[in-house]
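K.L.:
Sequence first, then the predicted structure:
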Amino acid sequence: MAVVGTPDGERRAVLREFSDLPVLDLKILKALEKELTPQGLRSYLRFFLSGGYERLEELTAVANAKDLDQLSCLAHDMVSTAGNIGALQTSCLARALARACRIGDSKAARPLLGELAIAALASNAAIRKWLNAN
C-alpha cells in the first residue's frame, strides 16, 4: 500500500499531538463486551478488521486524486467505526483529517493521512492480538 509521503517535520508535529492516545483502549472493549456477548464482540472486531486494508487503500486513492470532499467523507466514517471499538488514535487522526479536508487544507491533510494509516495498522494489530488472547 502506498501512503502519501510526509516530510519529517510535519510527521513529528502530528505525532506530538496524537501520540498520547491509546492505539486500542481496552476499557472500551470491556464495555463492549458487557453490551455484546463475548462471541458477538469477537465477530464485531473481525468485521472491523475485514475491511481495514480496503479502507486505507480507498483513502489513499482518493487523496492521490486530490478529492478533499470524498476524503473528508471517508475519514468521517472512520472516526466512528474506529472510535466505537476503542481505536482512539485512529479515530482522532481521522477526525483531524476530515476537518482539514473540509476546510480545504491539503497541506495539513497529507501528514494526517500518513499517520492515520500507521495508526490504523497499529490498531488492527492490537485488535488481532486481543482476539488471540481472548
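P.N.:
Right, received. Where do you want to start?

K.L.:
Give me the most central residue, this protein.
P.N.:
The centre of the chain sits closest to residue 90, judged by C-alpha atoms, centre = their mean, with a distance of 3.1 Å.

K.L.:
Quick check, that residue in contact with residue 119.
P.N.:
Yes: between residue 90 and residue 119 there is a contact under C-beta atoms under 8 Å: 4.5 Å. Heads up, the C-betas are built off the backbone N, CA and C, glycines and all.

K.L.:
Now do the contacts for the residue nearest to the centre of the chain.
P.N.:
Counting by C-beta atoms under 8 Å, 6 or more residues apart in numbering, residue 90 touches 23, 78, 82, 116, 119, 120, 123.

K.L.:
Are any of those residues buried, and if so which?
P.N.:
By neighbour count, with 16 or more other C-beta atoms under 10 Å, the contacts of residue 90 hold 23, 78, 82, 116, 119, 120, 123 as buried.

K.L.:
Can you tell me which of those residues end up in helices?
P.N.:
Under the assignment DSSP state H, these contribute 78, 82, 116, 119, 120, 123 to helices.

K.L.:
Excluding sequence neighbours, find me the nearest residue to residue 126.
P.N.:
Distance criterion C-beta to C-beta, 6 or more residues apart in numbering; nearest residue to residue 126, sequence neighbours excluded, is residue 24 at 3.8 Å.
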